[in-house]
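Asks: From the sequence below, what's the structure:
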Amino acid sequence: MNALSEFASFVPWLAALSALLGVVLLISSIRNLLPMLKAAELLRLPLQEIQELTFASAGPVVLCVEGPLLTRRFVSLSYKLRTEYGADVPASKHWFRAKSSGFSKARIELQTYHLPHPGRYRLHIESLGQPQPNDAEHAVVFAKPHLMATVGYILRILLASWLLIGGLVLFALSVLG
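Replies: Numbering: from 1, shown residues only. Got it, this is the predicted structure:
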């Protein structure tokens, strides 16, 4: 019985420590997530039918589209990336498209291109049609693949939230109970 009462005296301290650890982990996760997403962005292009672009390195790049929330501008478009010599760059479509959104803009990953070499490329957007007044609010973005890193940060945020809320609840129950 004595050991149980000794353990019960440590519960508020353990709960407070858990809540504090949750706060620190939550803040650091959010502070590190946003710069990681910015650093993954390679190119941001306006919405045009044909564009010249240059990549500094070979390897996979993710094609994303960005625009106002609930925009329908990208619905029937298809994208082709070609080398400067006209050869199509192989692409793989995403079955589960990563989406991110803020208060006014949303971004969705469409496909990954596997660049054979660094250098100049040409992006063709098919079925774009005539320019529309709000095209300035839309963009085509190329980024480094970052889905697994993003999932890792989301799991860290969930763990931090669990520690914070669990610690606060346990602290309240141990003090009030």
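Asks: Just the buried residues of the biggest helix by length in the chain, please?
Replies: Across the chain, the longest stretch assigned as helix under DSSP state H is helix 2-40. Neighbour-count burial for helix 2-40, with 16 or more other CB atoms under 10 Å as criterion, is recorded at Ala15, Ala16, Ser18, Ala19, Gly22, Leu25, Leu26, Ser29, Leu33, Leu37, Ala40. Every C-beta, even on glycine, is put in place using the N, C-alpha and C of the backbone.
Asks: Paired strands for the helix or strand of the chain with the lowest mean pLDDT, with orientation please.
Replies: In the chain, no helix or strand scores lower on mean pLDDT, DSSP states H and E than strand 99-101, which sits at a mean of 80. Partner strands for strand 99-101, per DSSP bridges, with pairing direction: strand 105-115 (antiparallel).
Asks: The strand it pairs with: what's the following helix or strand?
Replies: Per DSSP states H and E, the first helix or strand lying C-terminal to strand 105-115 is strand 119-126.
Asks: Give the pairing partners of that next one; include direction for each.
Replies: Assessed with DSSP bridges, strand 119-126 is paired to strand 50-55 (antiparallel), strand 78-83 (antiparallel).
Asks: Run through who's touching the last one.
Replies: Strand 78-83 is contacted from outside by 63, 88-89, 91, 110-111, 113, 116-117, 119-127, 140, using CB atoms under 8 Å, 6 or more residues apart in numbering.
Asks: for stretch 10-17, same thing?
Replies: So stretch 10-17 is in contact with Gly166, Gly167, Leu168, Leu170, Phe171, Ser174, Val175, going by CB under 8 Å, 6+ apart.
Asks: Can I get these in CSV including pLDDT, distance to Pro145 and neighbour count?
Replies: Output for these, formatted as CSV (pLDDT from 0 to 100; distance: CB to CB, whole Å; neighbours: other CB atoms under 10 Å):
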residue, pLDDT, distance to Pro145, neighbour count
Gly166, 92, 33, 14
Gly167, 91, 35, 20
Leu168, 92, 37, 16
Leu170, 89, 39, 17
Phe171, 87, 41, 19
Ser174, 83, 45, 17
Val175, 82, 47, 11
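Asks: about what we covered before: got the angle between the longest helix of the chain and strand 105-115?
Replies: With axes from the mean of the first three to the mean of the last three CA atoms, to 10 degrees defining the directions, helix 2-40 sits at 70 degrees from strand 105-115.
Asks: Offset the numbering so it begins at 324, please.
Replies: From this message on, residue numbering opens at 324, which makes the last subject helix 325-363.
Asks: If we go by neighbour counts, what in the helix or strand that comes right after helix 325-363 is buried?
Replies: Downstream of helix 325-363, the first helix or strand assigned by DSSP H and E is strand 364-369. Buried residues in strand 364-369, defined by neighbour count with 16+ other CB under 10 Å: Glu364.
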